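Enquirer: Coordinates for the following, if possible.
(chains A, B, C and D)
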Number of protein chains: 2
Amino acid sequence: MTGDTQHPIDPASSTGTGTAVTRKGSKTRTLILRTAMTQFGEQGYRGASLRDIAARCRISHPGLLYHFPNKEALLLAVLAHRDAVDRAEHSIADDAGLDVFRRFVRSAAVNQGRRGIVELFVVVSAESTSVEHPAHQFFQLRYARIVDEVTQAYTVAQAAGETVDGLEPRVAAQQFIALMDGLQIQWLLDTTAVDMPSVLRSHIESTLTATL
Amino acid sequence: MTGDTQHPIDPASSTGTGTAVTRKGSKTRTLILRTAMTQFGEQGYRGASLRDIAARCRISHPGLLYHFPNKEALLLAVLAHRDAVDRAEHSIADDAGLDVFRRFVRSAAVNQGRRGIVELFVVVSAESTSVEHPAHQFFQLRYARIVDEVTQAYTVAQAAGETVDGLEPRVAAQQFIALMDGLQIQWLLDTTAVDMPSVLRSHIESTLTATL
DNA sequence: CCTACCGATCGGTAGG
DNA sequence: CCTACCGATCGGTAGG
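Expert: Numbering: from 1, shown residues only, chains lettered A, B, ... in the order given. You can find the predicted model right below:
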């Protein structure tokens, strides 16, 4: 956000980690990312069109391609942007033991107010199971990372004597992540059917001897 | 499968529940359904094309549209066909209490040998959370039905004193279905990472006092 | 950021 | 079931 110049320095090369360069370019870029998030979530990667996303941002679709080199880069930028925003919101510092679980429950509560984000991850992660999908590697790495994180949290809790007897940290972590994902589908299909954070909390507490 | 005539009687009007009419037409129809299942699973509803599905069946795409009136009807026929086949495989008769859980575990074991089926339901159910998706109502009804079924199973088990203390049948059912769905995503992303039936069984047993 | 344009592909219909 | 065709839409590029 610093060192602005009137003309952007190759903004097309930034696929998500790069910071936008002009004030206006930065705002447009963010608007595109937010709009694309909604469209990818509602229509899926293939179903969403650059023209539609661009029109909602009141620019032409070649205008959009001035900010992102192609559709694939746009999707990856959207996903990276979401992760970056989430990391900023739940300052990832508090990363030990039970705090990990508290963070996931808090995140579920917040996301119940942001359907678009839930849709994005549910739809695109499902699509991404196909090997040719542009986000295939992204989600493979993401799941490996998250399962490891929760496994570590269960391992710490177990060492502190806070887990139920016979708990297997890795399997418990897989179950926890699976539960999160599955609840999101049910919630999207009927937002009144499930309260995600409370179901998550009660599941976590059934695996722990401590209260969350 | 009976009463064959040389010429089909309006096969285009059957969207899944209707039986095909000619011997050859029936075989082609089944081939289309199987091929479409794979393509809808790998590419999603919008990503899959009638031309591609037809080509894999070695017919033209208007040829495909002779069997199914349009793309939407094809998708619904695929989903209905899968449910019908599943119902036939796991004779739905044994519908009481713990047998319901045993059936889900068995189904998970079988599906680990049939990636295409898992892909179909993971991808299309995620897409279907969008209100305009052609399978939106199908999955809304499907989830309501399945959650009810498992709720009933837990209720029966609870009345028999076979559930852990404080179990809430409906919440437990939502958790169980969510777990199934979430495990499928992790399994599709890395088939070596999770053994779905064993994780399901261990979860079920953690909610019961009886052994499955 | 824009207009103009490209080739490719889409679902569906006409008419046999 | 087929060929031929329709209008619509797609991602991306040329050239400013």
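Enquirer: Looking at per-residue confidence, what score does whichever residue of chain A sits closest to DNA strand C get?
Expert: Per C-beta to the nearest atom of the strand, A:Gly63 is where chain A lies closest to DNA strand C, at 2.1 Å. Placement of C-beta: from N, CA and C, glycine included. Note on A:Gly63: pLDDT of 98.
Enquirer: same thing with A:Ala20?
Expert: A:Ala20 carries a pLDDT value of 41.
Enquirer: so what's A:Ala193 closest to, chain neighbours aside?
Expert: Leaving aside its chain neighbours, A:Ala193 sits nearest to A:Gln186 (5.8 Å; criterion: C-beta to C-beta, 6 or more residues apart in numbering or on different chains).
Enquirer: next helix or strand past whichever helix or strand the one you found is part of?
Expert: Following DSSP states H and E, one finds A:Gln186 within helix A:169-189. Per DSSP H and E, helix A:169-189 leads on to helix A:196-207 as the next helix or strand towards the C-terminus.
Enquirer: which helices and strands sit right next to that next one?
Expert: Applying 3 or more C-beta pairs under 8 Å, 6 or more residues apart in numbering or on different chains; DSSP states H and E, we find helix A:196-207 packed against helix A:98-111, helix A:169-189, helix B:169-189.
Enquirer: Apply 10 Å and report the result again.
Expert: Judged by 3 or more C-beta pairs under 10 Å, 6 or more residues apart in numbering or on different chains; DSSP states H and E, the packing partners of helix A:196-207 are helix A:98-111, helix A:136-159, helix A:169-189, helix B:169-189, helix B:196-207.
Enquirer: Make CSV out of the ones you listed and add mean neighbour count.
Expert: Below are the helices and strands packed on helix A:196-207 laid out as CSV (neighbours: other C-beta atoms under 10 Å in any protein chain shown):
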stretch, mean neighbour count
helix A:98-111, 18
helix A:136-159, 17
helix A:169-189, 23
helix B:169-189, 23
helix B:196-207, 19
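Enquirer: and stretch A:134-150, anywhere near chain B?
Expert: Yes: on the criterion C-beta under 10 Å from any C-beta of the partner chain, stretch A:134-150 is in touch with chain B at A:136, A:139-144, A:147.
Enquirer: Tabulate those residues (JSON lines), appending distance to B:Thr211 and pLDDT.
Expert: Shown next, in JSON lines, are the residues of stretch A:134-150 next to chain B (distance: C-beta to C-beta, whole Å; pLDDT from 0 to 100):
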{"residue": "A:His136", "distance to B:Thr211": "39", "pLDDT": "98"}
{"residue": "A:Phe139", "distance to B:Thr211": "36", "pLDDT": "98"}
{"residue": "A:Gln140", "distance to B:Thr211": "35", "pLDDT": "98"}
{"residue": "A:Leu141", "distance to B:Thr211": "38", "pLDDT": "98"}
{"residue": "A:Arg142", "distance to B:Thr211": "36", "pLDDT": "98"}
{"residue": "A:Tyr143", "distance to B:Thr211": "31", "pLDDT": "98"}
{"residue": "A:Ala144", "distance to B:Thr211": "33", "pLDDT": "98"}
{"residue": "A:Val147", "distance to B:Thr211": "28", "pLDDT": "98"}
